[in-house]
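# my questions are about this predicted structure, shown below with the sequence.
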Amino acid sequence: MSDRLFDILTSSFIKILIPGIKVTIPLTLLSFALSVVIGLLLALVQVADIKVLKQISRFYIWIFRGTPLIVQLFIIFFGLPNIGITLDAFPSAVLAFGLNLGAYNAEVFRSAIIAIPKGQMEAAYMIGLSYPQAMARVILPQSFPVAFPNLFNNLISLLKDTSLASSITVIELFTSAQQIAARTYEPFALYLEAAFIYLIFSTFLTWLQTYLEKKLVWKSKGGSDEEDAGRNKAMIG
């Protein structure tokens, strides 16, 4: 590696990392939060089997899963101004990513909810709970651990998909790498560096997913952190 290339990579690392922290991560988290709300609502509508709302939900999922994400980004950012709706680049990206991933999360939640044995709902009715109460207090708490792995996988995928926001002028991690590559004429090295930073973020999320999954499995078995610590001490002793 030449001294010039080494200097470019060392000086550009922070310049790419900072937009990743300040823009890419907030964009990922806000979009994911929106997608979870949308996905849960769509799933509940389908499980409730309200005919018209269920058809609308299925149509929504069909549209957003069946069309490219980048096209959805362009429609929201470049297309909506033609009908009088103008959004800045960042909110446009949050909306597009949230709407798109919401369609996928809807299927994750729906699958998790229907995986809960029907006897759980029947038992909830027997103790006097209404349908909304049964869903909120019995079904959803049990379905969340089932949905969690797929939801977190979608979060990791979303982190990488946010690079598409560069196409609508959002100055995020990949956009910063593009700008530096255009100035230095070192696209191969700069894009590898950007990929490495994405890998760092994804690796951290993967570690976090593994940690939280273990916690969820332990909690679902009725354990607690104190019991876990006590058991570990007993084993050591």
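Nice, thanks for sending it over.
# helices or strands up against the longest helix seen in the chain?
Determined from DSSP state H, the single longest helix within the chain is helix 187-220. Applying 3 or more CB pairs under 8 Å, 6 or more residues apart in numbering; DSSP states H and E, we find helix 187-220 packed against helix 3-19, helix 140-161, helix 173-184. (C-beta placed from N, C-alpha, C; glycine too.)
# and that helix, what's buried?
Residues of helix 187-220 classed as buried: 189-190, 193-194, 197-198, 201, 205, 209 (neighbour count, 16 or more other CB atoms under 10 Å).
# run through the residues that contact the residue positioned nearest the centre of the chain.
Centre of the chain computed as the mean C-alpha position; nearest residue by CA atoms, centre = their mean is Leu155, 2.7 Å away. The contact partners of Leu155, by CB atoms under 8 Å, 6 or more residues apart in numbering, come to 28, 32, 205.
# how about 6 Å then?
Applying CB atoms under 6 Å, 6 or more residues apart in numbering, one finds that Leu155 lies in contact with Phe32.
# tilt between the longest helix of the chain and helix 173-184?
Calculated by axes from the mean of the first three to the mean of the last three CA atoms, to 10 degrees, helix 187-220 forms an angle of 160 degrees with helix 173-184.
# what is the rounded mean pLDDT of stretch 198-216?
Mean per-residue pLDDT for stretch 198-216: 93.
# let me fix that, I meant to ask about stretch 51-58.
Per-residue confidence for stretch 51-58 averages out to 94 on the pLDDT scale.
# can you name the residues in contact with it?
Residues external to stretch 51-58 that are found in contact with it (CB under 6 Å, 6+ apart): 42, 45-46.
# which one (most neighbours) among those residues?
By neighbour count, taken as other CB atoms under 10 Å, the most surrounded of the contacts of stretch 51-58 turns out to be Leu42 (24 neighbours).
# run through the residues that contact that one.
Shown here is Leu42, whose contacts under the criterion CB under 6 Å, 6+ apart are 57, 106.
# any idea how far Gln55 is from it?
Using CB to CB, to the nearest Å, Leu42 is found at 12 Å from Gln55.
# repeat that for Ala115.
As judged by CB to CB, Ala115 and Gln55 stand 23 Å apart.
# and Gly128, which of the helices and strands packed on helix 187-220 is closest to it?
helix 140-161 (18.0 Å; CB to CB).
# for the closest one, C-alpha coordinates in CSV please.
What follows is helix 140-161 as a C-alpha-only set of coordinates in CSV (Å, rounded to 0.1, in the frame of the first residue of the first chain):
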residue,chain,number,x,y,z
LEU,A,140,-48.6,-10.5,22.0
PRO,A,141,-46.3,-11.0,25.0
GLN,A,142,-45.8,-14.7,24.0
SER,A,143,-45.5,-13.9,20.3
PHE,A,144,-42.8,-11.3,20.7
PRO,A,145,-40.0,-13.7,21.5
VAL,A,146,-41.0,-15.8,18.5
ALA,A,147,-40.9,-12.7,16.2
PHE,A,148,-37.7,-11.2,17.7
PRO,A,149,-35.1,-13.1,15.7
ASN,A,150,-36.7,-12.2,12.3
LEU,A,151,-37.3,-8.6,13.4
PHE,A,152,-33.7,-8.2,14.3
ASN,A,153,-32.6,-9.8,11.1
ASN,A,154,-34.7,-7.2,9.3
LEU,A,155,-33.0,-4.5,11.3
ILE,A,156,-29.6,-5.6,10.2
SER,A,157,-30.7,-5.7,6.6
LEU,A,158,-32.2,-2.3,7.0
LEU,A,159,-28.9,-0.9,8.2
LYS,A,160,-27.2,-2.0,5.0
ASP,A,161,-30.2,-0.8,2.8
